[in-house]
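Trainee: Got a sequence here, can you model it:
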Amino acid sequence: MDARSGCPINATIEVIGDRWSLLVLRDIMFGDRRHFRELLNNSEEGIASNILSDRLKRLTAAGLLSRDDVRPGQKAEYRLTEPAIQLVPVMAHLGAWGLRHRPTTHTLRVRAELLEEGGPELWADFMDELRESHLGTPLPERSGPRATERLAAAYQAALEQNSGR
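Mentor: Presented below is the predicted three-dimensional model:
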């Protein structure tokens, strides 16, 4: 597809600027949802199956997702590509903006808060873990809890806090 202009912002918006693409990437990135049914059934925003199917095809064609070739009856698995993994800082900034300027729920804001507090160091760690998980790239040696563990623990604590109310 030819871009409408040579502007890098336009070129980006043409790939991820619709209502659902970033949310599909978010669910794969932060929710580790890799199959169509997981993405469909666990969508906080209630994406329709035809829209999800279209977005998965578009994101794959744009090089942000890869899809395993499967035989009929098997579940296709979607994986983030390097260009999608490099969207982690964009996702962190979008989340931080939403924290400041839009109404959010405690449960769904905790990961955005952690990403904002952790800054580029946490983003880099998370990106390395995504590379390991989606691309098979060996993880650099680090001490302490993994970024994915920290994000999952923050979300789980928020869930438990909400259920205790």
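
Trainee: what pLDDT does the residue nearest the centre of the chain get?
Mentor: Nearest residue to the geometric centre of the chain (C-alpha atoms, centre = their mean): Arg26, 2.4 Å. Here, the pLDDT recorded for Arg26 equals 96.

Trainee: low-scoring stretches of this structure, by residue?
Mentor: In the predicted model, the chain carries pLDDT under 70 at residues 1, 3, 165.

Trainee: quick one on the thing from earlier: hmm, the residue nearest to the centre of the chain is touching Met91, no?
Mentor: Yes. With contact defined as C-beta atoms under 8 Å, Arg26 reaches Met91; the gap is 6.4 Å. To be clear about C-beta, it is placed using only N, CA and C from the backbone, and glycine gets the same treatment.

Trainee: in this structure, which spans are strands?
Mentor: 65-67, 78-80 (DSSP state E).

Trainee: Could you say which one of these comes nearest to Arg100?
Mentor: Comparison of the strands of the chain against Arg100 by C-beta to C-beta identifies strand 78-80 as nearest, at 26.8 Å.

Trainee: Show me what the closest one is packed against.
Mentor: helix 21-31, strand 65-67 (3 or more C-beta pairs under 8 Å, 6 or more residues apart in numbering; DSSP states H and E).

Trainee: Please tell me how far the residue nearest to the centre of the chain sits from Gly95.
Mentor: Here Arg26 is placed at a distance of 9 Å from Gly95 (C-beta to C-beta, to the nearest Å).
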